[in-house]
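**Student:** Output the structure for:
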Amino acid sequence: MSFLNALKQCPQANASDLWHHVVYRLYCAILPRYRPQDPKQSWVRAGGDALEMTLEQWYSPILNPHGIKIKMLIGAAEKKKALADMGIQATVGAAKLDMTLHLDAGQNQRVIFGGVHVKASLAERVSDDIPASRAMMAAGYFSPLWTLDVKSFPPPRGDLINRGEFGSLMTPSEKRRYVEEHGEFHACYTANSRSIPSIAATPSGRRIYAINLSIQPDQFAQDVIAWADTVRQPLLLG
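**Tutor:** Now for the predicted structure:
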């Protein structure tokens with residue numbers, strides 16, 4: 001709720017900065033007043049769940065008119081069921097999936113056409129999502145990576161500026177290579193305004209897109225809608 005409020009109150013701000021320098025730091029300051037727990041460790045789980053909730057609430061009003069549902073998967077059982085519904089559970093085993101994208105088929109039925117791999121920071125072992133993404137793409141499902149690309153360094157080593165982890169076009173990081181060279185995801189969407197997006201052509205044909213959450217539909221929403229249309233057409237004909 002705090003992040004959603006910040007996004008609405010500060011539409012011109014860098015969404016990644018709001019998460020990293022406002023919500024996260026206030027969480028770390030406030031939590032010890034109520035719970036004897038390392039706030040940074042607590043944030044790993046709470047922050048991950050909160051970001052997925054944010055995406056569901058932020059994008060639902062944009063996607064719902066197109067008959068598209070974006071849903072956070074809560075708990076291992078929901079994650080396993082989604083993988084099973086896509087027919088790839090045996091291939092990826094317990095590999096994680098954060099959110100599904102599906103069409104409503106009536107009578108409480110859904111047609112999953114993709115899933116979103118969500119990362120606040122690319123330091124959160126994005127490589128763990130690659131096996132599931134590969135299996136999804138091989139089976140014809142949309143498999144994007146959505147990130148805030150949070151990364152800054154405190155003094156004296158750094159200046160606290162949240163530049164992210166993609167590096168530059170001339171000196172790409174391994175995280176950039178996951179997308180542009182290896183094509184491990186259909187696309188990556190970063191809501192850090194300092195992330196450097198891809199140029200038009202990449203070795204894999206996959207790109208990193210910079211998105212502004214205050215301007216909708218952003219590239220992520222546009223691509224989800226387009227992918228859903230390719231899935232919906234055979235359903236209407238069939």
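**Student:** quick one: the closest residue to I225 other than its chain neighbours and L73, what's the gap?
**Tutor:** Counting by C-beta to C-beta, 6 or more residues apart in numbering, I225 lies nearest to H66, which is 5.2 Å off, once chain neighbours are set aside. From N, CA and C alone the C-beta is placed, and that goes for glycine too. From H66 across to L73, the span is 21 Å (C-beta to C-beta, to the nearest Å).
**Student:** the more surrounded of those two?
**Tutor:** In this view H66 and L73 are compared by other C-beta atoms under 10 Å, and L73 has more residues nearby, 20 against 16.
**Student:** Spit out the contact partners of the more buried one.
**Tutor:** With contacts defined as C-beta atoms under 8 Å, 6 or more residues apart in numbering, L73 is in contact with K79, A82, L97, D98, M99, T100.
**Student:** what packs against the helix or strand of the chain with the lowest mean pLDDT?
**Tutor:** In the chain, no helix or strand scores lower on mean pLDDT, DSSP states H and E than helix 89-92, which sits at a mean of 85. Packing contacts for helix 89-92, counted by 3 or more C-beta pairs under 8 Å, 6 or more residues apart in numbering; DSSP states H and E, involve helix 75-85, helix 130-138.
**Student:** In this protein, spot the helix with the most residues.
**Tutor:** Secondary structure of the chain per DSSP state H: the longest helix is helix 39-63.
**Student:** how far is that one from where the chain is centred?
**Tutor:** Centroid separation for helix 39-63 versus its chain: 10 Å, with C-alpha atoms, centre = their mean, to the nearest Å.
**Student:** Please enumerate the helices of the chain.
**Tutor:** For the chain, the helices defined by DSSP H cover 2-9, 15-17, 24-30, 39-63, 75-85, 89-92, 130-138, 174-180, 219-237.
**Student:** Can you give me the buried ones in stretch 30-40?
**Tutor:** Using 16 or more other C-beta atoms under 10 Å as the burial criterion, the residues of stretch 30-40 that qualify are L31, P39.
**Student:** ok now that stretch, how far from the chain's centre?
**Tutor:** 27 Å.
**Student:** Need the contact partners of it.
**Tutor:** Outside of stretch 30-40, the residues that reach it under the criterion C-beta under 8 Å, 6+ apart are Y27, C28, A29, S42.
**Student:** The third one: what's it in contact with?
**Tutor:** By C-beta under 8 Å, 6+ apart, A29 lies in contact with P39.
**Student:** I70: neighbouring residues, count only.
**Tutor:** 24.
**Student:** Please list all residues in contact with it.
**Tutor:** By C-beta under 8 Å, 6+ apart, I70 lies in contact with L55, E56, Y59, S60, L63, M99, T100, L101, V116, V224.
**Student:** could the residues you listed go into JSON lines alongside distance to T202?
**Tutor:** Supplementary listing: the contacts of I70 in JSON lines, determined by distance: C-beta to C-beta, whole Å:
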{"residue": "L55", "distance to T202": "25"}
{"residue": "E56", "distance to T202": "29"}
{"residue": "Y59", "distance to T202": "25"}
{"residue": "S60", "distance to T202": "30"}
{"residue": "L63", "distance to T202": "26"}
{"residue": "M99", "distance to T202": "25"}
{"residue": "T100", "distance to T202": "27"}
{"residue": "L101", "distance to T202": "23"}
{"residue": "V116", "distance to T202": "21"}
{"residue": "V224", "distance to T202": "20"}
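**Student:** which among those end up buried?
**Tutor:** Neighbour counting with 16+ other C-beta under 10 Å marks L55, E56, Y59, L63, M99, T100, L101, V116, V224 as buried within the contacts of I70.
**Student:** Lovely, talk soon.
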